Structure formats: structure tokens, C-alpha cells
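Student: Any chance you could fold what I've pasted below:
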Amino acid sequence: MTGGGPRQLRLLLAALALLVVACLAADVYLLIASTLSASQLVLVLVGQGALLMVAMAFFWSWLETRILHPLRVLEDDIDLIVHGNPHHSPEPPAGHALGSLPEAVDCLAGELARARVDTSKAMHSARSRLEKRSARLEAILRDLSEAVIVCTQQHRVVLHNQAASELLAGSGKLGIGRMLTSVVQPAAVRGALAELNRRHRSDGGFQGVVTRELEFSGPRRERLPGRFRLVVEHDGSTSGYVLVLGGAADTDSDETPGRRAMDLLERPVFYDFDLFDQDRDRALLDTPLRRLNLVVFDTETTGLEPSRGDQIVQIAGVRVLNARLLPDDRFDELVNPGMPIPRASTRIHGIRDEMVAGKDSVAEVLRRFHAFVGDAVLVAHNAAFDMKFLKLKEQEVGARFDQAVLDTLLLSVVLQPSHGTHTLDAIANRFGVENRDRHSALGDSVTTAEVFVKMIDVLAVRGIRNLGEALEASDRIQEIKRLQERF
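Tutor: Next up is the predicted model:
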């Protein structure tokens, strides 16, 4: 950094002004006192014009490289500091002429970071008090023998306890934000909810229990009685329902397991009550980025050319719901590629032939991954690469990977176009995300997920708040790159 930037700017402006004045004075003299012919006078004027154009071009080049471009970089850094990573330090280009402005921004960023730390401590203290009061209820719910599941009116899982996870383990993965109807045959569930809603409307706020025999998905097709009860808000509206599985039902008793479980649902093992506030009928493209159900994934492969036979050797994904990474809801499997893994690839990701021997084929693993994703939006870094591997296997898998896809590489270019590097390492460093377990599919998935969550607020500042706007901004970047490749 140079401290003489403003002085250099003043000197250049003074020199340019002096050159203009000298040219004007010379023109006046030539017109009044010179004996030059008209053609000679024209040549002199053309020479002066050329000299002024060269001087202006030099001045503009200096202004662009020393001030305007560094200011754009600094603007991107300020957005990142305010909305993404307050510990980030401005990185203006070497040789800039911004004087001490970057240091001033860095000092302000330090004050902002300290203020946020103080706020975080106060919030943590308040949260700790709430957690102490609810820890006992959490333990009770976790140890209930009954399986408890809470869903929205659209059958999306908001909460479940450990007993529910164990009971439905053979029917498919039960997870927050997923559809209950993917693990339980939907007809009985929909019928029970329709009956509850009908009785609630006709009986002046019915809050009793409806019992149905439920059949679970999976090879065993087990049947269990399920007891349904509405979740009724303070204003009398209904936002979802509680399902309790197992045990005998006594629909006339106020002490049914469904009611007892409902009374204990203050802070259970697996939950996200924000799902109650989401309008699931809203078009996906209009869904705010902060409200999306996401699966952030990554692959490790035998090489970089899927169209020429390279195969997946590992695929992993983590779920992000309501801008919150769910640490226990993840997918991570090695894949037998059906071919030797080149040593050059092993040096990058560390996966050797003996590690994938006996593992399932790519088609079998991708079927399970497709089920894990469900109706979530996919997110990846340099997503075009990973999606190519998935798309080429669709026929073999028997399923289409047609979910909406967001790319953190493209979104990084949208947010920080003045930065030249948009690798996962570079953007993780800018957003203050620890890049752990690099070049493993699960490690890169977690890093990408944490980066995307931090991007959300910065994207909002740029007017990109929902899925449709994020996809449109990414498409613009792709179109610009295609145009640049033509020249």
C-alpha cells in the first residue's frame, strides 16, 4: 500500500491542467502572431490533440488501476465484513492509491467484530438460561417409549424423537424438513389429517385424537396404530399435527400418549419449529434463500472427464434447513467405480482401490442419494462438474436429478466480481470458514454449506433474496463468461 496516492492524484491533475493551458496558450499565439500556413497550423493542432489524448489515456489508466478498481475491491470487502465475516481484512490490490482508507475500514471492522462478540455473549447467556429450563423436558421426550413425530399441514417433518428414528429406520431416512409421506403410506396420513381438520372446523375447535392403522414403506411393510392430534395456535388456527406411534390408544382420555407427548414438546431432540411459519404452497422460486430445504453435496472421482468414462468414487451431502446446517442429517458413501483409480486422483482425495473394493456400484449409491435429496434444492461448488456425473447416470439409476441447483462459485463471482480467485479455499477464507478435511466429499460439502449460509445475508444486500433471483444472477454470470470466451 502507498500513502502517497492522494498526492500523486493531485500532481497528475495539475500536470494535465498545465498541459491543457499550455496547448491553449500556444494555439492563441499561433493564431495571432504566427506566420504558419493553414496546413501547418492544422498539423500543429492535430499534434496537440494527439498529445492531449495520450495524456488523458495515461491519466485514465492510472485512475482505473490505482483508485477505481481498488475501490470496487474494497466495496466488496466491506459488504463481506458487514454481512458475512466481520473478521475479514480488506485486500486491496498492491500499489493502490487509496491512502489509509483500507486501514480505516479495517479498524471499523475490528470495532464491529468486538460489538458482535459482546452481542453474541449476551445472547448466549440468555440462551443458556432457556436451555437449563428446557433440558429436563428434552430428556423426558428423548426417553419416551412412544415414537413422536410433529409435521406441518403439508406433512413436512418439524420434529421427531429418537424412538421415531429407530422405529422408522427400515422404512427410509426420517429427517427434519422431509415428507412424512415418503416413509409412511400417504393415504391413511392424509385421511387422518382431513378428519382432524373437519372436526376442528365443525366442533368448534376439536383438539382430540384420531387413530389410524399406518403402513410403513420398505420391504417389511410393517403396520402400527398411529394417533394424530392437531397443533392449534393461540388464535385457534392449525399449523400441523402430532403423530404418536406405538402403544394402545384411548381417544377419550386426556392422558393419551399423543396429549402427553404434545405437552412435552418444548425442546426435543430433532426439531425446527420455523417450518410451521413457512407457506409450503408458495412457488419454489419465490422461496427466500433463508427458508430453503437444501442438500449441499460434493463428489470425488477417478478423473475430470465424466464423458470419457471417469466415475464417482465418493459422494457426500449435508442438509441445510432454514439457513441452519443439520449436523446429523448427512449422506456419505464410497463407491466402487468398476475401474482402477488413477494414482494422480488418489494423491488428491486419498481414496485407493482397496478402500472401494466391495462397495456398492454407482447406480445403487446414487439411488440412495436421490432418496436422501428428495425435493431439496441442490448446492455445490462448481456444480456443473458434479452434476455432469449425476446426469450421465440417470438412466442407469432410474431417477432424474432435476432439482434446482445453486453454485457457490457463480454466487461468489456475483458477490465479489473484483476478486480474481473464486476457488472453495479462497471464498472459505474470505468468509472466515474453516476448510477442514479438504478434498474429501463430506469435508468439502460441510465447507460449502457453511460458506453458502454466510453468503445469504450478503446476497440479500445485492437484492438477491429468493431462489429465483439467485438462479437468475447465476445465469447472468454464466452468459457473461460465454461471451468472454468468444473474444
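Student: mind giving me the domain ranges of this structure?
Tutor: The record assigns the chain these domain ranges, following automatic domain parsing: 5-105, 144-277, 284-485.
Student: so how far is the first residue of stretch 333-352 from its last?
Tutor: Here the two ends of stretch 333-352 are set 14 Å apart, with distance taken as Cα to Cα, to the nearest Å.
Student: Give the buried residues for that stretch.
Tutor: Using 16 or more other Cβ atoms under 10 Å as the test for burial, stretch 333-352 gives 333-337, 341, 345-346, 349, 351. All C-beta atoms are positioned from the backbone trio N, CA, C, and that covers glycine.
Student: Can I get the domains of the chain in a markdown table including mean pLDDT and distance to D118?
Tutor: Compiled in a markdown table, the domains of the chain are given as follows (pLDDT from 0 to 100; distance: least, Cβ to Cβ, whole Å):
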| stretch | mean pLDDT | distance to D118 |
| --- | --- | --- |
| domain 5-105 | 75 | 12 |
| domain 144-277 | 75 | 26 |
| domain 284-485 | 91 | 18 |
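Student: and those domains as TSV, adding distance to L112?
Tutor: As requested, those are exported to TSV (distance: least, Cβ to Cβ, whole Å):
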stretch	distance to L112
domain 5-105	5
domain 144-277	27
domain 284-485	13
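Student: Is D298 in a helix, a strand, or coil?
Tutor: At D298 the chain is in strand, as set by DSSP: H, G, I helix; E, B strand; the rest coil.
Student: Is it bridged to anything, and to what?
Tutor: Applying DSSP bridges to D298 gives these bridge partners: A316.
Student: Please name the residues that touch it.
Tutor: Contact criterion Cβ atoms under 8 Å, 6 or more residues apart in numbering gives 315-317, 380-381, 386, 441-442, 444-445, 448 as the residues in contact with D298.
Student: what about stretch 27-46, how long is it end to end?
Tutor: 11 Å.
Student: helix or strand for K454, which one?
Tutor: Secondary-structure assignment from DSSP states H and E places K454 in helix 441-461.
Student: Now do the SS call for L406.
Tutor: Here L406 is recorded as strand under three-state DSSP.
Student: Next: E215.
Tutor: Here E215 is recorded as strand under three-state DSSP.
Student: Just give me the neighbour total for it.
Tutor: By other Cβ atoms under 10 Å, the residues close to E215 number 15.
Student: Let me see the contact set for the residue nearest to it when sequence neighbours are not counted.
Tutor: When the adjacent residues along the chain are set aside, E215 lies closest to Q185, with 4.4 Å between them (Cβ to Cβ, 6 or more residues apart in numbering). The contact partners of Q185, by Cβ under 8 Å, 6+ apart, come to 214-217.
Student: still on that earlier bit, tell me which of the buried residues of stretch 333-352 fall in helices.
Tutor: In helices, defined here by DSSP state H, the members of these are 345-346, 349.
Student: okay if I get these as TSV plus distance to R199?
Tutor: Putting these into TSV (distance: Cβ to Cβ, whole Å) gives the following:
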residue	distance to R199
S345	61
T346	62
H349	56
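Student: nearest to E195, of those?
Tutor: Nearest to E195 out of these is H349 (Cβ to Cβ; 52.5 Å).
Student: and the closest one, how far is that from S165?
Tutor: Going from H349 to S165 by Cβ to Cβ, to the nearest Å gives 31 Å.
Student: G338 touches I312, doesn't it?
Tutor: No - taking contacts as Cβ atoms under 8 Å, G338 lies outside contact range of I312: 10.6 Å.
Student: Overlap of the contact sets of the two?
Tutor: Here G338 and I312 share the contacting residues V362, scored by Cβ under 8 Å, 6+ apart.
Student: S89 contacts E103, doesn't it?
Tutor: No - contact status for S89 versus E103: not in contact, 9.8 Å apart, counting by Cβ under 8 Å.
Student: Only C-alpha atoms, please: export the helix holding K454 in CSV.
Tutor: What follows is helix 441-461 as a C-alpha-only set of coordinates in CSV (Å, rounded to 0.1, in the frame of the first residue of the first chain):
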residue,chain,number,x,y,z
ALA,A,441,-16.5,-35.3,-0.3
LEU,A,442,-18.0,-34.8,3.2
GLY,A,443,-15.4,-32.2,4.3
ASP,A,444,-16.0,-30.1,1.1
SER,A,445,-19.7,-30.4,1.5
VAL,A,446,-19.6,-29.1,5.0
THR,A,447,-17.3,-26.2,4.0
THR,A,448,-19.5,-25.3,1.0
ALA,A,449,-22.6,-25.4,3.2
GLU,A,450,-21.1,-23.1,5.8
VAL,A,451,-20.0,-20.7,3.0
PHE,A,452,-23.4,-20.7,1.5
VAL,A,453,-25.1,-19.9,4.8
LYS,A,454,-22.8,-16.9,5.2
MET,A,455,-23.5,-15.8,1.7
ILE,A,456,-27.2,-15.4,2.3
ASP,A,457,-27.1,-12.0,4.0
VAL,A,458,-24.6,-10.6,1.6
LEU,A,459,-26.7,-11.8,-1.3
ALA,A,460,-29.7,-10.0,0.3
VAL,A,461,-27.8,-6.7,0.3
